[in-house]
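K.L.:
let's see this in three dimensions:
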Amino acid sequence: QEQLVESGGGLVQAGGSLRLSCAASGRTFSSYAMGWFRQALGKEREFVATISPSGVRTLYADSVRGRFTISRDNAGSTVYLQMNSLKSEDTAVYYCAAGDWSVRSGRYNYWGQGTQVTVSS
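P.N.:
I've put the predicted structure just below:
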């Protein structure tokens with residue numbers, strides 16, 4: 001079983017950058033694909049990015065491709081989301097999740113508590 005804790009959220013001006021981290025406490029981190037999702041106020045949770053267990057494959061939502069980068073450190077049981085050129089529409093609570101390689105939230109078994117990202121215009 002994985003316990004996930006996100007950090008790194010905050011308030012940033014449009015055009016700025018943030019790096020989110022998600023630390024896992026279980027022993028099987030390297031066997032899971034890791035995903036980042038986000039949920040803006042009043043909207044459904046949406047896929048942001050995912051990375052395969054080995055870190056070789058990555059996949060991004062169209063809205064963040066070219067601006068966000070997902071990476072992982074299996075030795076340190078941590079996944080990252082580097083967010084550059086942030087826009088006001090990136091404002092949301094960001095969640096990391098562990099599970100199967102997918103863009104669908106239902107394929108992820110374990111979730112963090114979320115971290116707020118607010119981009120001011």
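
K.L.:
tell me which element the residue positioned nearest the centre of the chain falls in.
P.N.:
Among the residues of the chain, the one closest to the centroid is residue 36, at 2.6 Å (CA atoms, centre = their mean). According to DSSP states H and E, residue 36 maps onto strand 33-39.

K.L.:
what strand or helix carries the spatially closest residue to residue 31 that is not a sequence neighbour?
P.N.:
Once flanking residues are discounted, residue 31 sits nearest to residue 53: 5.7 Å by CB to CB, 6 or more residues apart in numbering. No exception for glycine: its C-beta is placed from N, CA and C like everyone else's. Assessed by DSSP H and E, residue 53 sits outside every helix and strand.

K.L.:
for residue 53, grab phi and psi.
P.N.:
Backbone torsions of residue 53, given as degrees, to the nearest 10, read phi -50, psi -40.

K.L.:
check the gap between it and residue 71 for me.
P.N.:
Separation of residue 53 from residue 71 (CB to CB, to the nearest Å): 13 Å.

K.L.:
ok, the two, which is more surrounded?
P.N.:
Taking other CB atoms under 10 Å, residue 53 and residue 71 do not tie; residue 53 has more neighbours (18 against 15).

K.L.:
coming back round to it: any idea which element the residue nearest to the residue nearest to the centre of the chain when sequence neighbours are not counted lies in?
P.N.:
Using CB to CB, 6+ apart and skipping residues adjacent in sequence, the residue nearest residue 36 is residue 48, 4.2 Å away. Using DSSP H and E, residue 48 sits in strand 46-51.

K.L.:
count of neighbours near the nearest residue to residue 33 once chain neighbours are set aside?
P.N.:
Among residues not flanking residue 33 along the chain, residue 101 sits closest, at 4.1 Å (CB to CB, 6+ apart). By other CB under 10 Å, the residues close to residue 101 number 16.

K.L.:
what about residue 101, is that helix, strand or coil?
P.N.:
Classification of residue 101 by DSSP: H, G, I helix; E, B strand; the rest coil places it in coil.
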